[in-house]
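Undergrad: got a predicted structure plus its sequence, pasted below:
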Amino acid sequence: MRFTVSDRIGFWIAAGVVAHTLWTSAAPAMVYPLYATHWHLSPTITTGIFAVYPVTVVAVLILFGNLSDQLGRRLAMLFGVAASAAGVLLFAMASGVADLFIGRFLMGVGVGLSAGPSAAALADYAGGAAGASRASAATLVAQSAGLAAALLVGGALVQYAPYPAHLSFWVLGALLLLLFAGVALLPRRPAAAAAAGWRPALPQVPAGLGAVFGITAFTVMIAYAHGVMIASLGAQVARDLVRSNNSLVNGAALALFAIALGVTGLFARRLRAETAILMGAGASVAGMGFLATAVLAHSLAAFLAATVTSGMGYAWMVYGGLAALNAVAPQGSRGGLLSAVFLLAYLFTSVLALALGRLATATDMAIAVLTGAAIMTALCAVLLVLMALRSGRGLGTSVSAPLA
């Protein structure tokens, strides 16, 4: 007889899979400068290594976005964590640029396979009328923990531990192997179709859910763009403002984004989905204003305010969008719908990152950051208009529930 864990423990294992998607995504952030210095990488090569990841995530979500609805959450998460672990361990043993490209590709496969299923598994294990709220809040807290760990643990190991280009990946790889073992112990749940009937296909939006799905996808897309503005461009802005070569200090400054995200997400579950989205749009506009001020005035205080406020905006928007969709999505379609949301979010962030990167190369970083802030502000304005047009019809409901 196969041993399985309870739904309560399964909920936290699924949260661990969510956390790994952000940790894996940001794991190389503090190590890229070492690669560029030791291997004399050009900006084109460095940008290429970065771009492999989101492009792969998008491709995997297009081909396998419905995998967990067909084969089950557990199997999809096992495939995802295994691919992530392989990519991380390849970084740990990297001896050349080819290892980085292949490793980043495998990380993208892992996150693409597990992002939607892990978020859907949280909603499955939460259950009940309050499940949408509980699962959405847990998703945000897990994302926050993963991102903060990548920046703080990675920064500390790069700065103070031996083997700075490799040790942080060995640590993450060991944790992913433990996570894989935990996922293997999850109870099997009936899937929507037998394995023999599965084939790659784009997720389908059930009739009647088009409006909720559209607003959710647009909201999460804007929220994920904070990752480009803060986590990607913010690293260079922080270095220019703080003028510090200490990886831990710079990582801690950026980790404020993750900390604000997690704290806000923990308390957001008491909000209605519509309210959270509106608050998120407002906070995001404020965050972009602070970021523009930081660039123009070279103000560290404004940059720190931007990271905190943007983290709050991210949390409210992702929570509101996921709570609205989880509240109305049928269980048999939930994994595919969430994968489709993440697909659009990653696709947009890929395009935005590459466009702003090219703009920074052609002009300078300040112009790129200011342009990105203007784009984010305009998108938030569009979101507010869409929400006003749906005023009175609602998106989804949120019921207060504890995380455990």
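TA: Here it is on my side, so go on.

Undergrad: C-alpha only now, for contacts and for neighbours.
TA: Fine.

Undergrad: how close does residue 28 sit to residue 88?
TA: To residue 88, residue 28 is 9 Å away according to CA to CA, to the nearest Å.

Undergrad: just want to know which of these two has more residues nearby.
TA: residue 88 (29 against 23; other CA atoms under 10 Å).

Undergrad: got the phi and psi for that one?
TA: Backbone torsions of residue 88, given as degrees, to the nearest 10, read phi -60, psi -40.

Undergrad: do the same with residue 31
TA: Per-residue torsions, residue 31: phi -100, psi -20 (degrees, to the nearest 10).

Undergrad: pretty sure it contacts residue 158?
TA: Yes. Counting by CA atoms under 8 Å, residue 31 does reach residue 158; the two are 7.0 Å apart.

Undergrad: contacts only, for residue 147.
TA: Residues near residue 147 by CA atoms under 8 Å, 6 or more residues apart in numbering: 19, 22-23, 26, 255, 258.

Undergrad: repeat the analysis, applying 10 Å as the threshold.
TA: Neighbouring residues of residue 147 by CA atoms under 10 Å, 6 or more residues apart in numbering: 19-27, 141, 153, 231, 254-255, 257-259, 261-262.

Undergrad: show me which of those are buried.
TA: 19-27, 141, 153, 231, 254-255, 257-259, 261-262 (16 or more other CA atoms under 10 Å).

Undergrad: could you list the low-pLDDT ranges of the stretch 51-200 of the chain?
TA: The model of the stretch 51-200 of the chain has pLDDT under 70 over residues 128-132, 189-200.

Undergrad: so residue 104 versus residue 84, what's the distance?
TA: Counting by CA to CA - residue 104 and residue 84 are separated by 9 Å.

Undergrad: which residues do these two both contact?
TA: With CA under 10 Å, 6+ apart, residue 104 and residue 84 have common neighbours 24-25, 90, 110.

Undergrad: just to be sure, which of these are found in strands?
TA: Using DSSP state E, no member of the shared contacts of residue 104 and residue 84 falls in strands.

Undergrad: and of these, the nearest to residue 315?
TA: Lowest distance from residue 315 to these (CA to CA) belongs to residue 25, with 17.7 Å.

Undergrad: ok, the closest residue to that closest one other than its chain neighbours - contacts?
TA: Counting by CA to CA, 6 or more residues apart in numbering, residue 25 lies nearest to residue 107, which is 7.4 Å off, once chain neighbours are set aside. For residue 107, the contact set (CA under 10 Å, 6+ apart) comprises 21, 24-25, 52-54, 56-57, 80-88, 90-91, 101, 113.

Undergrad: and what of residue 32?
TA: Contacts of residue 32 by CA under 10 Å, 6+ apart are 41, 46, 49-50, 165.

Undergrad: re earlier: hey, what's in contact with both of residue 31 and residue 158?
TA: 164-166, 168, 247.

Undergrad: now which of those would you call buried?
TA: Using 16+ other CA under 10 Å, the buried ones in the shared contacts of residue 31 and residue 158 are 164-166, 168, 247.

Undergrad: quick one: the strands in the stretch 101-250 of the chain?
TA: Here the stretch 101-250 of the chain has no strands by DSSP state E, counting those that start in this stretch.

Undergrad: which residues of it fall in helices?
TA: Remark: helices assigned in the stretch 101-250 of the chain by DSSP state H, counting those that start in this stretch are 131-160, 167-184, 210-226, 233-242, 247-268.

Undergrad: okay, and the common contacts of residue 28 and residue 88?
TA: 100, 104, 166, 168-169.

Undergrad: out of these, who's nearest residue 292?
TA: Distance ranking of the shared contacts of residue 28 and residue 88 against residue 292, using CA to CA, places residue 104 first at 31.0 Å.

Undergrad: looks like that closest one contacts residue 46 (just checking).
TA: No. Residue 104 is beyond contact range of residue 46, at 11.7 Å (criterion: CA atoms under 10 Å).

Undergrad: those two - which one has more neighbours?
TA: residue 104 (28 against 17).

Undergrad: low-confidence ranges in the stretch 301-404 of the chain?
TA: Looking at the stretch 301-404 of the chain by pLDDT under 70, you get 331-332, 392-404.

Undergrad: narrow the contacts of residue 107 to those in helices?
TA: Counting by DSSP state H, the part of the contacts of residue 107 found in helices is 21, 24-25, 52-54, 56-57, 80-88, 90-91, 101, 113.

Undergrad: ok so, going back, tell me the most buried of the helices of the stretch 101-250 of the chain?
TA: Comparing the helices of the stretch 101-250 of the chain by mean neighbour count (mean count of other CA atoms under 10 Å), helix 131-160 comes out on top with a mean of 26.

Undergrad: next, the angle from that helix to helix 247-268.
TA: 170 degrees (axes from the mean of the first three to the mean of the last three CA atoms, to 10 degrees).

Undergrad: can you offset everything so residue one is 22?
TA: Sure, I'll start counting at 22 from here, so that last one is helix 152-181.

Undergrad: returning to that earlier point: taking the shared contacts of residue 52 and residue 179 together, which two end up most distant?
TA: Farthest pair in the shared contacts of residue 52 and residue 179, by CA to CA: 187 and 268, 14.8 Å.

Undergrad: just checking, what packs against the top helix by length along the chain?
TA: Taking DSSP H as the criterion, the chain has its longest helix at helix 352-383. Contacts defined by 3 or more CA pairs under 10 Å, 6 or more residues apart in numbering; DSSP states H and E place helix 352-383 against helix 64-85, helix 88-92, helix 118-147, helix 231-247, helix 254-263, helix 321-349, helix 386-410.
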